[in-house]
Each structure stands twice: as structure tokens, then as C-alpha cells.
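Student: Structure for this input, please:
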Amino acid sequence: MRATGVRLALYGVLVLLIAIAAGCGGDDDGTGAGTSGGDTTQGGGGGPLVVNIAQAPATLDPAWGCGLYDIGFLQNFYVRLTQYGSEPGPEGTTQFNPGDIQPYFAENIEISPDGLVYTFTLPEGVTFPSGEPVDAEAVKYSLERSIEMAGCGGYFIYDGIYEPPLIKSIDTPDPTTVVITLNVPNANFLQDLAQPAASIVDASVVEANGGIAAGEINEYMSSNVAGSGPFLLEEYEPNTRAVLKANPDFFGDPPASDEIIVNFINTDSTLLLQARSGQADVTLGMSKQSADSLREDSCCTVIANENPTFWEIIGTPWKKKPWDNVKFREAVTHAVPYDEIIEKVAYGWAEPFYGPYAPGMSEYNAEISAPREFDLEQAQALIAESGVQTPVDVTINIPEGNTIEEQIATIVQGTWSELGINVTINKLAATDYINSMEQHEAQAFTRIDGPGVIEAGYLLGYDMKCEISFNLSDICIPEADELLAEARQETDPDRRQELWDEIARLWVEQSPRVQVYADQFVTVLSMNVKSYHYQHEMDFRTWGK
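Tutor: Presented below is the predicted three-dimensional model:
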């Protein structure tokens, strides 16, 4: 079950993008008829905030959520010990800062000098809607539940560290004190606790509705909530609609909106029409082509996050020819017209780079991660140096219905042909596409990816380590693995950054894959929206009009 959870975590964003792209060509009259969602409740200056989202969550259970829209939506009903800090964003908005982790439900945090013992002080008198206390025992129960469930939640909390398990013990000396002892130091532990997987749940509700069963879905928690967060779930129709009401007993500042109506709409034309007409106040997941059509429209403000933590790649698995040759891998990184793709496919909402960390990650070093130049002459020279005889046949797997990745593959097909690389584009249904990567059968593939926990150690733990099944490009740099093990336990921030930089240099030298661009998440806001905060997991607290 542990492996299954990780795979789901990695592919959640991918499934979202497939669903968005697949909906772009659908017929729709704008009323939502025949689509998922389609609630026509007007947005506008008064009434509830209306949020249209392209992808519905698969579950509301913090212990089981994996995809971006699972964990993003459900987090609004729960509190956690820590949270991401905030910084200014575009167009007067704010955005999360993955390098700044702050207390949330915890009033105070103390860390022992050896980095192994974390002591959290909690507020008194906070209760769940059931009347049960939100106290140290609730925190202990919630963390242990996520771990015992053995889904994505446990992987997030453990930061992917299982040998030995990251957490040694969770103790509750009194109702307002939680003491967590680690087996090994982990400078990223506070960010792990900021993930929705670490949400504090009401044990009385969980135990009355299925309890904890390792490796098994709790059906009740999949479509209900048991939290004390900023919002209560008043109505929920899976895949269609949700109504959120502000929690009058929330321990923190009240949310900016008293009521939020969320419509899950998987047809891009409907998302576009309702954004343009003012039926939606906030639209998430609209295609960039549609969002581009609204740039000059007085209906809306189109914003893109300025700290991208996800990226579009072409995977070139090292165990497949011709990618077992480092010079050949390097050659193709110079045979991609990055500027053309960013302009014509991403509509400018992307950022070029080349390295293991996206520009929005705190470990990113621009000097080490400069983008590769599009230079076919250099690419040809590197192929000659590689000794690989051309022509070479390459099959690139892409997810069926994903127009973005089909466009990327088609552009690359044209440029690589000039180098004697004959590309066949293989469109696969979502399940077959995922299986081809997961089982390491694909010769090459396109992919949108990014870490669930925005931190280099978590990312590289599945994306770079030698002989890890989740390492889809089969990258293997033994020296980098040794540095990774050291960096994950290093608590001095300056020394830790030195290690991340050295790993990045080794990674870049090996040209392990093609980094097409860092992807900027695009949001469409009606002119009625007065406050909006971007986070890779949707945080509705400050969204208001």
C-alpha cells in the first residue's frame, strides 16, 4: 500500500491536467447541462463567493488524499500544526512562500538542539463541532491515523523516510502539549506537518464511522469532513457541487467569505463562458488558451503564480537506448525550441530553466539552473561526439486528450527530425499511459510533475535516487544520492543549501531529461474579487469579494 500511495501522489497533478485538456473540445451550451457541475448560481458583487474548478476531488479524507485538487479542497475544513507563510503575488494578490513555515494551530514550537524532538504548545478551549476538544490527543490520533492508513497521507507526514521511519514517537504529556520525537533529523519536518495529510480530525466522528483500517478506504471520510477548520461542509454532491459555510467557532481569524459555492466543471468551454459572464468569481483549471482569450476582457483579471513549483518534461529513461548515452541526452536538451513552446503552447505562462528544482522552490539556484539554449548545430555536434549512429527511432508516449503535451511532442518531432531522430507520438489512455511509465516500459514520455511537499529532499527521494521505482527517468547518480542522504539530516541552512547546489551541479552535468518549462498556475478572477491568495493547495481563507 505504501507504494500505491506514492504513485497516486505523483500522478494527481497529471490526472488533473488530462481531465482539463480532455474537456477542451467538449460541446456545451454554457448552462452546465450534460457536464459535471454546471451550477448557475450567479457570482457578482453580493451573495456567496462562487468558485468553479476543473477537477473534483477524489476524496475528502486527509489520510487518503493524493491529487492536487484532493488535498487542496479538503484542507479548508481542517487545521494543522503548521502552515506556509505568505508573500506578495501578482495583481495585488498574495501567494504562499514554500521556504517560510509558520505556526498554525500550534501557538509555540520548540526544537531540540539535535533536531530530533519537536514540542508543540496548543491553544486551550478549541472544540470540534461535535463538542470534543481539539487537543494533544486529537493531534496524536490524527497523525497516527494517517500513518496507519498507509496511503498518501503517511508518505507526506514521513517525508518519504521509512528506513528507519521518520517519526519515533508522539507523546501527549498534557492536553496542550504534543512532543514528536524523530528517529533521524529532518529539517523539512515542519513543512511535512503543513500538508493536509497532517490535518487534525475528530476521533469521535472517525471511530463512529468506520474507524481506522490500514490500507483501506474509509467510505464515510471520503465524502464527509470531521474537522475544526475555517469552513464547515454544508452540502456536498461528489463531482458536482459543494457549499462551504464559515465555521463560527474557528479558532483563528474568520474567513473572508461567509459562504462559498464550489462547482466542479470538467468542460473548458463552460469554465470560459461562466468566467466571462460573471457567473464565477474564481476559476481554477481553465486551459491557458481560454485564459489567454480573457487577458483583455473587462470581465476578469487573469493572474499566474510567480513561484512555479511544477514543470513540464520529456522523460528520457536512462535504461532505454539511446538515452543510456549522456552526450545524446545532452544533445536533445539543445534541440527543443523552448521560447516557441512557451509562447505558443503555454501562452507565456511558463518559465525556462534546467535543473532538478523548479524556480519556485527555495533550494533553486538560478546560476546553476540556467535554461538550455535551442541550438541545433550544438545538438548535432553532441550527437556526433556521442558515437550514436543516426537515424534513431524514438517513441514518445503522451496522455490521450492532453492537447498541451501533444503540442509539445509535435513540435519536438519536427525539430528532432533534423537531427536524424525519427519520433513516433504514441497516444495512450490515462491508465495505459501511467502504467507505461510506472512499469518503466516507455522509451520516452511527456509529463507534468512537481512535488507534493515543496522541498528538495522529498522531491529527490522519488525523482532521482538510484533504483527507486518511482524514479521514472531512471536517473542514477550515486554521488548525488550520498549528498542527498546528508542533506536530509543537515539542520544548518547554509550547509544544506551547499549540498542542494552540489546535487544540482551533478544533475545538470548528466542531462537526465528535458525540462521543457516551469509551469505557472493560472487563475481567473472576476472584478468583484477583492482578496485572493495562491497556494498549490487551495486555501480559501482569504478569498473574498
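
Student: Beyond the helix or strand of the chain with the lowest mean pLDDT, next helix or strand please.
Tutor: None of the helices or strands of the chain scores lower by mean pLDDT, DSSP states H and E than helix 2-23, at a mean of 37. Next along the chain after helix 2-23, taking DSSP states H and E as the criterion, comes strand 49-53.

Student: What helices and strands are in contact with the very next helix or strand once past that next one?
Tutor: Next in sequence after strand 49-53, counting helices and strands by DSSP H and E, comes helix 68-74. Here helix 68-74 touches helix 2-23, going by 3 or more C-beta pairs under 8 Å, 6 or more residues apart in numbering; DSSP states H and E. Yep, even glycine has a C-beta here, placed from its N, CA and C like the rest.

Student: For the closest residue to residue 539 other than its chain neighbours, name its beta-bridge partners.
Tutor: Spatial nearest neighbour of residue 539, excluding adjacent residues (C-beta to C-beta, 6 or more residues apart in numbering): residue 533 at 5.9 Å. In this entry, residue 533 is beta-bridged to residue 94, by DSSP bridges.

Student: Quick one: residues contacting residue 533.
Tutor: Residues near residue 533 by C-beta atoms under 8 Å, 6 or more residues apart in numbering: 86, 89, 93-96, 539, 541-543.

Student: Which parts of this protein belong to which domain?
Tutor: Per the record, the chain has its domains at 2-303+522-542, 310-519, by automatic domain parsing.

Student: Distance from the last one to the middle of the chain?
Tutor: Same thing as domain 310-519. Relative to its chain's centre, domain 310-519 lies at 18 Å (C-alpha atoms, centre = their mean, to the nearest Å).

Student: pretty sure residue 180 is touching residue 116, no?
Tutor: No. Between residue 180 and residue 116 there is no contact under C-beta atoms under 8 Å: 9.4 Å.

Student: ok, these two, which is more surrounded?
Tutor: residue 180 (21 against 17; other C-beta atoms under 10 Å).

Student: Now do the same contact list for the more buried one.
Tutor: Residue 180 touches 117-118, 120, 143, 167, 169-171, 189, counting by C-beta under 8 Å, 6+ apart.

Student: so which of those is the most crowded?
Tutor: With neighbours taken as other C-beta under 10 Å, the top of the contacts of residue 180 is residue 143, carrying 26 neighbours.

Student: Now the helix or strand hosting that one: average pLDDT?
Tutor: Assigned by DSSP H and E, residue 143 falls within helix 136-149. Helix 136-149 shows a mean pLDDT of 97.

Student: for stretch 367-375, same thing?
Tutor: In this model, stretch 367-375 carries a mean pLDDT of 98.

Student: end to end, how far does that stretch reach?
Tutor: By C-alpha to C-alpha, to the nearest Å, the extent of stretch 367-375 from end to end equals 20 Å.

Student: Ok, stretch 466-486 next?
Tutor: OK, stretch 466-486 end separation, C-alpha to C-alpha: 16 Å.

Student: Run through who's touching it.
Tutor: 3, 6-7, 10, 315-320, 437-438, 440, 445, 447, 457, 460-465, 499, 502-503, 506-507, 510, 512-513.

Student: Show the buried residues in those.
Tutor: Among the contacts of stretch 466-486, the ones that count as buried by 16 or more other C-beta atoms under 10 Å are 6-7, 10, 315-318, 320, 437-438, 445, 447, 457, 460-465, 499, 502-503, 506-507, 512-513.

Student: returning to what we had before: inside helices: which ones of the contacts of residue 180?
Tutor: 143, 189 (DSSP state H).
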